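Enquirer: Need coordinates for the following:
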Amino acid sequence: MARKGETISLEMKVKFRETRQINLSSKYKWEIAEPFFDVQVKNGCGKRTNEFITLREFKTFICNGASLLEIANRGISKHLVQFFSIFCQDKIKLTKDIFTSEYESGKSLEEMADAYNLSRENITYLRELYNIKRKGSAFINRKLTEIPLTDTQKAILYGSMLGDAKKMSPSSAGFGHSDKQKEYLLWKFEQFKSVVSERSLTGTPYKDKRSGYEGMSWRFYTKANTDVETCMQRFYRNGTKDVYQDILSELNELSLAVWFMDDGKTDFYYRTKYNNKPTAELCTESFSFNGCNLLVSWLKDRFDIESYLRERKLSDSTGHRIVFNTDNAPKLFQIISPHIIPSMRYKVDSDSYMQWRTQSQPTSSSKHRLMVVGSCFTELPKKQQDEIVAEHIELYSDRSIESLLVKPSHLKQQMHKVMSYDTSKLLFEDYIGFCNIGNEFLMSHFPHFWSAKAKGNMSPSEILKNKSYLDEIIRGLIINGEKPNSRAILRKLKRYRGNKSISGFMPCVAKAVYDKYCNHSKVLDFCSGYGGRLMGATASNKVFSYTGIDANFKSFKSANVLYNNLCDWADITKTVTLFNADSIECMKQFADKTFDFCFTSPPYFNAEEYDCASGQSVKQYTQYGEWFNSFLCESILGAIRVSKTVAINVDNTGSYKIADDLEKFLTSKNLLKSKDYLRRPQYGKTAKKEPLFIIGA
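Expert: Take a look at the predicted model:
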């Protein structure tokens, strides 16, 4: 070191500076800073013009020999430089985990700065470096003044979250019920009075579009609360509400009772009256399969109640309900009955249930008489039953089948589900599964479908015009507890008294076939029919273009409407070409191997009657042998010429062994590459599978 008054050479100054820099650099522990190297720290008022840098940039300056003063002289915030320096020297003992815990508990930054001997500015820099969300005075005041939930409130909260309650915010829960359960909602509101605002209790008018019923929906929500926040974190661990192991420890008998009051259903067999042993179920379709299994195990381990899961088909997925048989439902009721409020006793007590049904029975006005179903209907005198059925018949008998169909524009959600459907769910090693998603949207475009019929049967349109048949359908629906609306009647028309109906090709199944066999392919369909394969092609990313041929003008016209709607509502830009022509003649215009993949399901000779037009194959070839050879085989040979691969879905029907005959023909010509199978709807004990012949020259 130079003595006082001694002149220091430039060389010595450089040496002193290097020594000082080495000493400074040796103090830094860069491994501490590394996790935060690229965090943007920009604390300060808006008027400040000083530049802010990251820890990575700070390290670069230091390693290049710059002093703290030199870094600040570059226009960089000197306060930030000083903070980075003490942080990298490990002089700040407040870790991220400790910071988060204390800050979330309601401590202010000032309190934490005092406790850890930090300046107010440095504690703010540290919060930003740790990327911890800013908490205002309202949050801190809430943490200091909030009222913790009682054990009773926690039990009701967790039971409600298993049922109808939902997250309103990260630290608030919302409760809602219809006016029929208003007394139940008010009971919950009273239970949570210490943690809710009076203003949160509101009623909103609503109207049921199906029944025309007008009522009020009632709801309230809690104030922000730490115990509620913990509950929300447990149920919404991955963004959607589900059940996890740590939730089960919070549940007790009261939780179970609230859950059942929310989402429990009991069948007292009031229609049959010969069985007084009820069964029960809990509506848990919104939970995952694993979550439902956890609840089943918890019921067994905690209360020795046996239950099982029953699969339920949802609009776009599969859910499960927890079911209690006649031995275990009474055990469940015995446990929860002490906690069931009077207005919900009908769910656990048969006498209360019958009293509830009597009190809720509709008035005798014409508008409400149409809503009487189940035992409320069967307990009426026969004359009144006949009058109610007659009123329904009057509503529907003079209407066309088209008037019962839901408009395609009202079913757009179904269309979008087809477009986004993951077909890997249907693709199995030896068959392609069944899925009817989007079928209602599809068939709403083809009203003439309801006039087609299987041989020797009636079409749904013919059944609708017969008042005697309509009487039987409507009466059956009402007795079974269903409202006889348009959709329910359409469903019954298709299978009235075992009447065999025809079916269209399901779009999701068609999409699965394309996804399995195509690769950016040009597709041909020489019997395009009711548009299922057209819609499946527009939804599949494996299809480049679709060409459809059909001799039925009504099908051709409707297919064009379907395609236009798909373009408008799903932004379809795929090339689609449709022909109203004889399939054999139409295919003659195409050059060899124009298409990559031909996929169709041809008509089943005269087993199905689609139209009386002369262009139909059964009108041209009235004998089965002639039809098989001159239409089906010739069409397939034509398809083999113009397409690299051909897939034909056809089955035996009645006395016509179409699939067997086709397999013999293809085998004799050495054209059959392989056989796949399509699973059909399961109405009996065993699932039926139809062959899909994969053909190539």
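Enquirer: Only C-alpha atoms from now on, for both contacts and neighbour counts.
Expert: OK.
Enquirer: Please report the confidence value the model assigns to Ser172.
Expert: You'll see Ser172 listed with a pLDDT of 89.
Enquirer: now do Ser501
Expert: 63.
Enquirer: Also Asn73?
Expert: Note for Asn73: predicted pLDDT of 87.
Enquirer: Next one: it from Leu80, what distance?
Expert: The gap separating Asn73 from Leu80 is 13 Å, by CA to CA, to the nearest Å.
Enquirer: between the two, who's got more neighbours?
Expert: Ranked by neighbour count (other CA atoms under 10 Å), Asn73 and Leu80 place Leu80 first, with 24 against 11.
Enquirer: Now tell me which helix or strand of this protein has the poorest mean pLDDT.
Expert: helix 366-369 (a mean of 48; mean pLDDT, DSSP states H and E).
Enquirer: next SSE after it?
Expert: Tracing the chain C-terminally past helix 366-369 and defining elements by DSSP states H and E, one meets helix 375-378 next.
Enquirer: Please identify the buried residues of the helix or strand following that next one?
Expert: Following helix 375-378 in sequence order, the next helix or strand is helix 382-396 (DSSP H and E). Within helix 382-396, the residues scored as buried using 16 or more other CA atoms under 10 Å are Gln385, Ile388, Val389, Ala390, His392, Ile393, Tyr396.
Enquirer: Which SSE is immediately downstream of helix 382-396?
Expert: Going down the chain from helix 382-396, the next helix or strand is helix 401-404, by DSSP H and E.
Enquirer: Send me that following helix as PDB with only the CA atoms.
Expert: C-alpha atoms of helix 401-404 as PDB (Å, rounded to 0.1, in the frame of the first residue of the first chain):
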ATOM      1  CA  ILE A 401     -91.500 -35.800 -38.300                       C
ATOM      2  CA  GLU A 402     -89.400 -32.900 -39.400                       C
ATOM      3  CA  SER A 403     -91.000 -30.700 -36.800                       C
ATOM      4  CA  LEU A 404     -89.700 -33.000 -34.000                       C
END
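Enquirer: Show me the contact partners of that helix.
Expert: By CA atoms under 8 Å, 6 or more residues apart in numbering, the list of residues contacting helix 401-404 from outside reads Pro447, Trp450, Pro460, Ser461, Leu464, Ser486, Arg487, Leu490.
Enquirer: Mind doing that once more with 7 Å?
Expert: With contacts defined as CA atoms under 7 Å, 6 or more residues apart in numbering, helix 401-404 is touched by Pro447, Ser461, Ser486.
Enquirer: Now flag whichever of those is closest to Thr202.
Expert: Nearest to Thr202, judged by CA to CA, of the contacts of helix 401-404 is Ser486 at 34.1 Å.
Enquirer: Please identify the helix or strand for the residue lying closest to Trp218 once chain neighbours are set aside.
Expert: Nearest residue to Trp218, sequence neighbours excluded (CA to CA, 6 or more residues apart in numbering): Gly203, at 4.4 Å. Here Gly203, judged by DSSP H and E, is contained in strand 202-207.
Enquirer: ok now that strand, how far from the chain's centre?
Expert: Distance, stretch centre to chain centre, for strand 202-207: 26 Å (CA atoms, centre = their mean, to the nearest Å).
Enquirer: Just the buried positions in it, please.
Expert: For strand 202-207, by 16+ other CA under 10 Å, it's Gly203.
Enquirer: immediately after it, which helix or strand?
Expert: strand 214-221.
Enquirer: Quick check: the closest residue to Gly531 other than its chain neighbours vs Arg533, distance?
Expert: Distance criterion CA to CA, 6+ apart; nearest residue to Gly531, sequence neighbours excluded, is Ala559 at 5.9 Å. According to CA to CA, Ala559 and Arg533 sit 11 Å apart.
Enquirer: out of those two, which sits in the busier spot?
Expert: More neighbours surround Arg533 than the other of Ala559 and Arg533, with 30 against 25 (other CA under 10 Å).
Enquirer: Tell me if that one really is in a helix.
Expert: Yes: counting by DSSP: H, G, I helix; E, B strand; the rest coil, Arg533 is located in a helix.
Enquirer: which stretch of helix or strand covers the residue nearest to it when sequence neighbours are not counted?
Expert: Once flanking residues are discounted, Arg533 sits nearest to Ala510: 5.2 Å by CA to CA, 6+ apart. If you go by DSSP H and E, Ala510 is part of helix 507-517.
Enquirer: ok, and what's touching that helix?
Expert: Contacting residues not belonging to helix 507-517 are listed as 418, 423, 426-427, 434-439, 532-533, 535-537, 539-540, 542-543 [CA under 7 Å, 6+ apart].
Enquirer: What's the ChimeraX line that selects buried ones from the residues you listed?
Expert: Command for ChimeraX, covering only those of the contacts of helix 507-517 found buried under the criterion 16+ other CA under 10 Å:
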select :418,423,426,427,434,435,437,438,439,532,533,535,536,537,539,540,542,543
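Enquirer: Tell me which of the contacts of helix 507-517 fall in helices.
Expert: Of the contacts of helix 507-517, the ones assigned to helices by DSSP state H are Val418, Asn439, Gly532, Arg533, Met535, Gly536, Ala537, Ala539.
Enquirer: Same list, the residues you listed, but as CSV with pLDDT and distance to Ile695 please.
Expert: Output for these, formatted as CSV (pLDDT from 0 to 100; distance: CA to CA, whole Å):
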residue, pLDDT, distance to Ile695
Val418, 94, 27
Asn439, 90, 28
Gly532, 94, 21
Arg533, 95, 18
Met535, 96, 23
Gly536, 96, 20
Ala537, 96, 19
Ala539, 95, 24
